[in-house]
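Participant: generate a structure from the sequence data that follows.
(chains A and B)
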Protein chains: 2
Amino acid sequence: MVQVVSISDLSSYVDQEVSLRGWVRHHRKSGKIQFIVMRDGSGFAQVVLVKNEIDEATFDLAKTLTQESCFQVVGKVQQNPRNQRYELLVSQLTIIHIAEPFPITPKDHGTEFLMDNRHLWFRSKRQWAILRIRHRLIKSIRDFFDDRGFTNIDSPILTPTAAEGTSTLFGVDYFGEPAYLSQSGQLYLEPAVAAFGKVYCFGPTFRAEKSKTRRHLTEFWMVEPEVAFAHLEDVMVLAQEFVHYLINQVLEHHIPELEVLERDLEPLKQSLQPFIRMTYSEAVDQLKALGSDIEWGSDFGGDDETLLTQQYQQPLIVHRFPKEFKAFYMEPDPDDDRLVLGMDVLAPEGYGEVIGGGERASSIQFLLDQIAKHGLPEEPYSWYLDVRRYGSFPHAGFGLGLERAVAWICKLPHVRETIPYPRMLNRLKP
Amino acid sequence: MVQVVSISDLSSYVDQEVSLRGWVRHHRKSGKIQFIVMRDGSGFAQVVLVKNEIDEATFDLAKTLTQESCFQVVGKVQQNPRNQRYELLVSQLTIIHIAEPFPITPKDHGTEFLMDNRHLWFRSKRQWAILRIRHRLIKSIRDFFDDRGFTNIDSPILTPTAAEGTSTLFGVDYFGEPAYLSQSGQLYLEPAVAAFGKVYCFGPTFRAEKSKTRRHLTEFWMVEPEVAFAHLEDVMVLAQEFVHYLINQVLEHHIPELEVLERDLEPLKQSLQPFIRMTYSEAVDQLKALGSDIEWGSDFGGDDETLLTQQYQQPLIVHRFPKEFKAFYMEPDPDDDRLVLGMDVLAPEGYGEVIGGGERASSIQFLLDQIAKHGLPEEPYSWYLDVRRYGSFPHAGFGLGLERAVAWICKLPHVRETIPYPRMLNRLKP
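Facilitator: Purely as a prediction, here's the structure:
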C-alpha cells in the first residue's frame, strides 16, 4: 500500500510515490493532459494526469470529476520548475464520490448567499486561510497564558445576573427560573484569582445587540486574563506582550495564508513596536485638534477611534477614563478622583478596540457606593463582593475579543468571516 | 527590592532572600514562634516567624492575621529537614488585608453550603488540586489535537435546531425567533471536516435534563474531534491514544495534586494498557452471564456499565450497537444491518461512559431514510446533508465530556467538583 500523506507534507516526499485524498477545487482538461487542483484540508496541490503515461480508463475516469468531487490518487511527487510548488504526477485514481453541481462557483456570489452556504463556503481558499489563522490565534492565546503559569478557569455561560445591565442579554428559561447568557466572565474570574493567582477564561460570550455593523456578532469568543497583585501598569505591559506574541505566531506560521488574503505584512510588523500610550484626557485633546467634536467626559465613537488610530502605525493604549462611562468595578485613580484605572487597546488600520480592561476596585466600601450610584441591586453581587471581604488584594485584567483580533490580523472588512458559524441579528443558520 | 516569587518556584531560591504574596490558609502561634501556611495560587508553603529573630512589632502584627487574610513577606528560603518541603524564614511582613471570619473553616460543612460558597470553596486545597488537573486536561486535550494537525473549528452555541430531539434543550429567545443552546457540535463539524480534513471543537454544551445524579451537569465542556476518511477502527485507535495521552500528562505534571486528592495511582497506570474491546452483542452476553437482566436491543443502564467495567482494570471500548437507540447519522454495519458503527469508551472504577462516537453515514439516501424513520423533519438538516451531496466521504469522530474525565482521573464522587462554577437542576449560583 502506498502511504497516504497530507498535501502540506508533500515537500518531504519529492520523487517518492505517495497517495493523496481530497476534493476537486479546480479542474482543467485538454485532450492530452488534465490538471486538477486538489485540496485536502491541509493545503492545495496540483495533480497532473498525462494521457500517455497512465491507462486510458483512468484518464477518462478523471474527466468525470466535477468541482468538489472526492477522490484519491497515487503518484510521484515533483516540484514544478515554473512556480516551485509541489505537485503529483498521477499513476492511479479512484473516485470516492462525484459531487452534484457545487453552489459556490468561481463567479461572484452575494453575501447572503455565501452566508446561507457558510458550511460550504469555508471550503474556499480565502475562508480556509482565515479560519486557519483563527486556529493559530486560539492556540497562541492559550499557549501565552499557559506558559506564564495562568490557570484556565472556565466561567459559566448560564448566569443568574448581569455584570453591566440586562438590556443586551439573551434570556434563557432555566427550569422556570430566569437565566442569561454570559457576556463576560470577569466577575467569575475575580474570586478565582484569589485561589489560583493568575487565571483566564476563554469561551463564547453573548450580546443581544440589535447592531448590524461590521464589528458585531451576537456570539463571539473572548479571552479574559486576571492577575492577582497586578496594577494598571502591569496589565498594560501584559496586553502589549500578548498582542506582540499573537502577531509573531501568525507571522511565523501563516505567511502562505496571509498571502492568500493579500494581507500587507508591513502594518502587522509595525504593530510589533512598543504601543503608543496616552491618557483619555490626552486623547480627547488630540481628537479636538484633529477636528472631532468630542467633549471631555464622553466615550469615543467609532469615528473618534478611527481618527485617533490613523495617527499611528502601531496599536494605541488609552488609559484613565472618566468613571461615568466605565463599569462600576473599576479602581479609582488615586491622583484624580474623576478617573478610573481602565485601559483600552485600539488596533490600527481602522480596527479600533480589541482589548478593554484595567485595575479592579479592591475596597468593598467603594464598590458598595458604586453599585448604589449605578442603581444596581446589591444582593446579586454579594458573592462577588466576598473577594473584598476575605483577604482583599489589588488585581487587574482585560478581555480580548477573538473575532476582532482575527479581523484585524487578516484585515477583513467584516467580522462575519472570522468565525466558522457566525451569529448575527438576522443570522442563526446554518 | 526583593524579588517576588511564586511558591511553586521556591526550590530554585534555597538560601536566598525572596518575597511571597498570598493568603493565610492556616496559622499556628505560640509565644515564641508562628507558623503560617500561605497559599498564593501556585502552591502552599509554610512561612515561619521566630520571635527573637525579627522585631517585636512585626511578630505582633503577624498575630493579627486571620484565615484568608492577604499579606506579603520577605525572608530566606530553606528546606525543612523534617518533611523536605521549602519554607520561608520571615524577616519582614506586610499586611495587605485582614479577612473577616472566613465562612469555610476546617470543620465539616454541608454540600449545599459549600456549593453556595463555591467562589470561596475553590481556595481549599482539594478544590484547588482538582481545578489544576482540569486545567491540565484542557491544555492536553488541545495539545493532542493541535500536534496532530487538527484545526479547532468552534461550533455555535446558539442553534436553530437540535441534533437529537428537543426535550433536553434550553430554549433562548433569539430576537423573537426560537433558538436552542447546543448539546453537541458534531453536525457543525462534519461540513468543516470537508474543508479542513481533521477538526475539533471544544466548548460548553448544554443539557436541560432534570437528572439529579452524580454524573449530570446542565452546562459542561465537551471536546469533539472529527476526521475525514476515518472509519470506526481509526477512531477507536485515536480514542485510546488520546486517553493515554491525557493520563500520562496528568501523571507527569500533577503527582502533588493527586496526593492531595489521595488518588490511588495504580488504577490510572492500569488504564495505560491497551483498552479492552468488545461488541455490544458480546457485552450483552457477558452482562447476562454476570446476572444482568439486559436484553439484546436495549441500551446499557448505569448499573450495566458499572458491572461491565468492574471486570477490567483498564477502559473498555464497546462497539457496533443496535441502530434503534443510537443517533440517526451513524454508519450502518456492512456485516449486520441491525447494527451501526458506533463506539463508547467506558472508564473503569465505576465511572462509565466518557467517550461516545463512531463512523458517520456517508450515503445521503440512507440518511434521508433514517431522518424519516426517526420522525425528524428534513428541511432543518438540509445543510448537514450537503456534506453527502458535494464530495461525500467516510468520516468518523467522537466526543469526550471534560467533567466526566476530570471526575474519573481525580476519582471524585460527584461531577459538581470538576468545574469552577457548576450548573445543575437546582443550582445556577454563584
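Participant: tell me the pLDDT at the closest residue to chain B within the stretch 51-200 of chain A?
Facilitator: Residue nearest to chain B within the stretch 51-200 of chain A: A:Gly197 (2.4 Å; C-beta to the nearest C-beta). To be clear about C-beta, it is placed using only N, CA and C from the backbone, and glycine gets the same treatment. Model confidence at A:Gly197, given as pLDDT, is 98.
Participant: what about the residue nearest to it when sequence neighbours are not counted, how many neighbours?
Facilitator: Sequence neighbours aside, B:Gly41 is the residue nearest to A:Gly197 in space, at 2.4 Å (criterion: C-beta to C-beta, 6 or more residues apart in numbering or on different chains). Residues within reach of B:Gly41, counting by other C-beta atoms under 10 Å in any protein chain shown, total 26.
Participant: cool, A:Met278 as well?
Facilitator: Other residues close to A:Met278 by other C-beta under 10 Å number 17.
Participant: what sits against it?
Facilitator: Residues in contact with A:Met278 (C-beta atoms under 8 Å, 6 or more residues apart in numbering or on different chains) are A:286, A:316-319.
Participant: same thing but at 10 Å, please
Facilitator: Listed by C-beta atoms under 10 Å, 6 or more residues apart in numbering or on different chains, the contact set of A:Met278 reads A:284-286, A:308, A:312, A:316-320.
Participant: do the same with A:Gly31
Facilitator: Counting by C-beta under 10 Å, 6+ apart, A:Gly31 has contacts A:51, A:59.
Participant: my read is it is in a helix, agree?
Facilitator: No: remark: A:Gly31 does not belong to a helix; assigned using DSSP: H, G, I helix; E, B strand; the rest coil, it is coil.
Participant: for it, give me the pLDDT.
Facilitator: pLDDT, A:Gly31: 88.
Participant: do the same with A:Lys107
Facilitator: So, for A:Lys107, pLDDT stands at 86.
Participant: rewinding a little: and which of the contacts of A:Met278 is nearest A:Lys411?
Facilitator: A:Tyr312 (16.6 Å; C-beta to C-beta).
Participant: surely the closest one and A:Thr306 touch.
Facilitator: No: contact criterion C-beta atoms under 10 Å: A:Tyr312 and A:Thr306 do not qualify, at 11.9 Å.
Participant: which residues do those two both contact?
Facilitator: The contact sets of A:Tyr312 and A:Thr306 overlap at A:Leu346 (C-beta under 10 Å, 6+ apart).
Participant: hmm, back to that, show me the contacts of A:Met278 that map onto strands.
Facilitator: Secondary structure defined by DSSP state E assigns A:316-320 of the contacts of A:Met278 to strands.
Participant: in this structure A:Leu251 contacts A:Leu265, no?
Facilitator: Yes: applying C-beta under 10 Å, one finds A:Leu251 in contact with A:Leu265, separated by 7.1 Å.
Participant: higher neighbour count, those two?
Facilitator: Using other C-beta under 10 Å as the criterion, A:Leu251 and A:Leu265 rank with A:Leu251 on top: 15 against 12.
Participant: which ones are touching the more buried one?
Facilitator: A:258, A:265, A:268-269, A:272, A:409.
Participant: kindly report the same for A:Glu219.
Facilitator: Residues in contact with A:Glu219 (C-beta under 10 Å, 6+ apart) are A:170, A:181, A:204-207, A:403, A:419, A:421-424, A:428, B:154, B:156-158.
Participant: go on, A:Asp369?
Facilitator: Going by C-beta under 10 Å, 6+ apart, the list of residues near A:Asp369 reads A:328, A:361, A:363.
Participant: that one: which element?
Facilitator: helix A:364-373 (DSSP states H and E).
Participant: and that helix, C-alpha only, in PDB?
Facilitator: The C-alpha trace of helix A:364-373 is given here as PDB (Å, rounded to 0.1, in the frame of the first residue of the first chain):
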ATOM      1  CA  ILE A 364     -15.600  47.000  49.500                       C
ATOM      2  CA  GLN A 365     -17.000  50.400  50.600                       C
ATOM      3  CA  PHE A 366     -16.100  51.900  47.200                       C
ATOM      4  CA  LEU A 367     -17.800  49.100  45.400                       C
ATOM      5  CA  LEU A 368     -20.900  49.300  47.500                       C
ATOM      6  CA  ASP A 369     -21.100  53.100  46.800                       C
ATOM      7  CA  GLN A 370     -20.600  52.400  43.100                       C
ATOM      8  CA  ILE A 371     -23.300  49.700  43.000                       C
ATOM      9  CA  ALA A 372     -25.700  52.200  44.600                       C
ATOM     10  CA  LYS A 373     -24.700  55.000  42.200                       C
END
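Participant: residues of that helix that come out buried?
Facilitator: For helix A:364-373, a neighbour-count test (16 or more other C-beta atoms under 10 Å in any protein chain shown) marks A:364, A:366-367, A:370-371 as buried.
Participant: next SSE after it?
Facilitator: helix A:382-389.
Participant: quick one: the helices in the stretch 151-300 of chain A, in order.
Facilitator: Taking DSSP state H, counting those that start in this stretch as the criterion, the stretch 151-300 of chain A carries its helices at A:186-196, A:232-253, A:255-260, A:265-270, A:280-289.
Participant: verify the stated contact: A:Asp76 with A:Leu20.
Facilitator: In this structure residue A:76 is Lys, not Asp. No: using C-beta under 10 Å, A:Lys76 is not in contact with A:Leu20; the gap is 11.6 Å.
Participant: any shared contact partners between the two?
Facilitator: In contact with both A:Lys76 and A:Leu20: A:88, A:90, using C-beta under 10 Å, 6+ apart.
Participant: before we move on, the earlier item: most neighbours, which of the contacts of A:Leu251?
Facilitator: A:Ile409 (28 neighbours).
Participant: quick one: the helix or strand hosting that residue to chain centroid distance?
Facilitator: Using DSSP H and E, A:Ile409 sits in helix A:402-410. Relative to the centre of its chain, helix A:402-410 is centred 5 Å away, using C-alpha atoms, centre = their mean, to the nearest Å.
Participant: is chain B within reach of that helix?
Facilitator: Yes: for helix A:402-410, a contact with chain B is found by C-beta under 10 Å from any C-beta of the partner chain, at A:Leu402.
Participant: send the alpha carbons of that helix over as CSV?
Facilitator: Extracted C-alpha coordinates of helix A:402-410, given in CSV (Å, rounded to 0.1, in the frame of the first residue of the first chain):
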residue,chain,number,x,y,z
LEU,A,402,-11.1,36.8,19.3
GLU,A,403,-13.1,37.8,16.3
ARG,A,404,-12.0,41.4,16.3
ALA,A,405,-8.4,40.2,16.6
VAL,A,406,-8.9,37.8,13.6
ALA,A,407,-10.5,40.6,11.6
TRP,A,408,-7.6,43.0,12.3
ILE,A,409,-4.8,40.5,11.7
CYS,A,410,-6.4,39.2,8.5
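Participant: what's the angle from that helix to helix A:232-253?
Facilitator: 50 degrees (axes from the mean of the first three to the mean of the last three C-alpha atoms, to 10 degrees).
Participant: could I get the contacting residues of the nearest residue to A:Leu412 once chain neighbours are set aside?
Facilitator: With C-beta to C-beta, 6+ apart as the criterion, A:Leu412 has its nearest non-adjacent residue at 6.4 Å, and that residue is A:Thr418. Residues in contact with A:Thr418 (C-beta under 10 Å, 6+ apart) are A:130-131, A:133-134, A:137, A:217, A:220-221, A:401-410, A:412.
Participant: which residues does the lowest-mean-pLDDT helix or strand in chain A contact?
Facilitator: Ranked by mean pLDDT, DSSP states H and E, the weakest helix or strand in chain A is helix A:302-309, scoring a mean of 91. Identification of contacts with helix A:302-309 by C-beta under 10 Å, 6+ apart yields A:213-215, A:276, A:278, A:283-284, A:286-287, A:290-294, A:298-301, A:315-316, A:318, A:344, A:346-353.
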